[in-house]
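K.L.:
Make a model of this:
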Amino acid sequence: MRTTDVDILMVPGWSGSGPDHWQSRWQRNLKTARRVEQEDWDRPDKDKWVGNIIREVAASARPAVLVAHSLGVHAVALAAEKLPKGAVSGAFLVAAPDIENPQDFPADIRDAWPAGGFGFRPLPMQKLNFPSLLLASTDDPYSRIERSREIAAAWGSGLIEIGAAGHVNAASGHGPWPDGVLHFGGFLKQIG
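P.N.:
Below you'll find the model as predicted:
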């Protein structure tokens, strides 16, 4: 499967993905990519985020491939059970935060994280109804690698541990992220 064969739906996380983030760069460079927009990136609403994913998948002219980062990964997992079988060809998931253990987050984020977790908890822990691949950093400040392994196993996702890569965002030096492009290309071949 090639990028031109699918609608690539970028699903950013909390605060969106700025212009230097790999998701934004990929979106600019891939003709069939578009962003799943949210009304408020800084005050996520689980139901609205999930609903917007469902709407964008339904509006896709080609098979949909979801490319999610951070809290967007969990929005995809929550949308999965509501999406018609076969509507999504696959999900490329990067840096899923451990939203059930926010006490481990960096202090500034932990203090801003509401007790209810923006409604995203509990995290679904059943197999996704489409192929998926989770990429996880061994030093992500938002999730221990052991927790990423548990999440991938529960979702039936492949797992690639990408080493010490922080939260795999622009702040951790992942603007263009060429290794991610290679992993994404391999994932498309796998599901195609």
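K.L.:
ok, the residue nearest to the spatial centre of the chain to Val88 distance?
P.N.:
Most central in the chain under Cα atoms, centre = their mean is Ala68, positioned 2.1 Å from the mean C-alpha point. From Ala68 across to Val88, the span is 11 Å (Cβ to Cβ, to the nearest Å). From N, CA and C alone the C-beta is placed, and that goes for glycine too.
K.L.:
Which residues does stretch 152-167 contact?
P.N.:
70, 77, 91, 93, 95, 125-128, 132-142, 145, 148-149, 151, 168, 172-174, 179, 183, 187, 190 (Cβ atoms under 8 Å, 6 or more residues apart in numbering).
K.L.:
mind redoing it with 6 Å?
P.N.:
95, 125, 127-128, 132-140, 142, 172 (Cβ atoms under 6 Å, 6 or more residues apart in numbering).
K.L.:
Give me the subset of those lying in strands.
P.N.:
Judged by DSSP state E, the contacts of stretch 152-167 include Ser132, Leu133, Leu134, Leu135, Ala136 as members of strands.
K.L.:
Quick one: residues contacting the third one.
P.N.:
Spelled out, it's Leu134. Leu93, Ala152, Ser157, Leu159.
K.L.:
one step back: what pairs with the residue nearest to the centre of the chain across the strands?
P.N.:
Taking DSSP bridges as the rule, Ala68 bridges to Val11, Leu93.
K.L.:
Now for Arg110: which residues touch it?
P.N.:
Taking Cβ under 6 Å, 6+ apart, one finds Pro102 in contact with Arg110.
K.L.:
State the phi and psi torsions of the closest residue to Thr3 other than its chain neighbours.
P.N.:
Using Cβ to Cβ, 6 or more residues apart in numbering and skipping residues adjacent in sequence, the residue nearest Thr3 is Leu30, 5.2 Å away. For Leu30, the backbone dihedrals (degrees, to the nearest 10) come out as phi -110, psi 120.
K.L.:
if I read this right, Leu30 contacts Asp5, doesn't it?
P.N.:
No. Assessed by Cβ atoms under 6 Å, Leu30 is found out of contact with Asp5, at 11.7 Å.
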